[in-house]
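Visitor: Have a look; sequence and predicted model below, questions after that.
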Amino acid sequence: MSFRFRQLVLATMMLPLMACSASAADESSDAVKAAFKGKFPQHEVSTVQPAPVAGLYEVVVKMKRGGREEFTVVYVDGKVDHLITGDLIDTKSRRSLTEARLDDLNKVVVDWKTLPLDKAIKEVRGKGERKLVVFSDPDCPYCKQLERESLAKLDNVTVYTFLYPLAQLHPDAERKSRLIWCSKDPAKTWTAFMRNGTPLSGKDNCPAPLAEVAAIGEKLGISGTPALIFPNGTLVPGAIPLAAIEENLAAK
């Protein structure tokens, strides 16, 4: 998922192309940074550098989201008279350069030693040699899609699912999370409900670590579900396809 700098205005004019030497570009970047800070003092500028489009500069702005820092990218001209928000697209590759930059800037690396895996639902597939953590909401349609289309097809993996109900979006998700956690076999109950729609029943008053998991998720900046954490510490949001999961599981 990408975050945008929505508080700023969208520029409507294109700027003439110009060429700069490396040393001149450094000096110009410093001048652009000073001009930006002068016009938008409420925002913390991390870096300024020439953008892939001649005549434009990339401004990286630091923000706070949840318990961690995040970055967003905007583009300005040399005098910061015009500002552009949104995606800069490479028309040859049909690729968003802005999205790729944001993914790199906001890449989260999680220390697995800090994850209390005893507070997660543990499902072992095959030998369970590979490891995967998932933050999931029982009422999240994308979480169910991930379970059915991707996780169900994995083998030789141990999946640790942290119950992460988003009450603002799904008011009944916390109750369902408790029913799942309090069941005789939480892993079996979870997969049956998420993949097959098996109705939930039983007690929901056992001690469930939902508050602890919520605190962990907030600290990691997880604002949506599903969110996957791979053994190398990479955090990936969304119902990504099976091939992407396999690629991340193999990454070092």
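Guide: Good, I have the coordinates. Numbers count the residues shown, from 1 in each chain.
Visitor: Please count neighbours and contacts with C-alpha atoms only from this point.
Guide: Will do.
Visitor: Around I180, how many other residues sit close by?
Guide: Other residues lying near I180 total 27 when counted by other CA atoms under 10 Å.
Visitor: I'd guessed it sits against A192; true?
Guide: No. Applying CA atoms under 8 Å as the test, I180 and A192 come out as separate, 10.2 Å apart.
Visitor: how about low-confidence regions in the stretch 51-200 of the chain?
Guide: 65-68, 106, 108 (pLDDT under 70).
Visitor: hmm, 80 instead?
Guide: The stretch 51-200 of the chain contains residues with pLDDT under 80 at 64-70, 103-109.
Visitor: So which residues of it form strands?
Guide: Using DSSP state E, counting those that start in this stretch, the strands of the stretch 51-200 of the chain run over 57-65, 68-76, 83-84, 89-90, 95-96, 121-125, 130-136, 157-163.
Visitor: Let me have those in JSON lines, extended by mean neighbour count.
Guide: Shown next, in JSON lines, are the strands of the stretch 51-200 of the chain (neighbours: other CA atoms under 10 Å):
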{"stretch": "strand 57-65", "mean neighbour count": "19"}
{"stretch": "strand 68-76", "mean neighbour count": "21"}
{"stretch": "strand 83-84", "mean neighbour count": "20"}
{"stretch": "strand 89-90", "mean neighbour count": "13"}
{"stretch": "strand 95-96", "mean neighbour count": "14"}
{"stretch": "strand 121-125", "mean neighbour count": "18"}
{"stretch": "strand 130-136", "mean neighbour count": "21"}
{"stretch": "strand 157-163", "mean neighbour count": "23"}
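Visitor: and N205, which of the ones you listed is closest to it?
Guide: strand 157-163 (15.4 Å; CA to CA).
Visitor: Many thanks, I have nothing further to ask.
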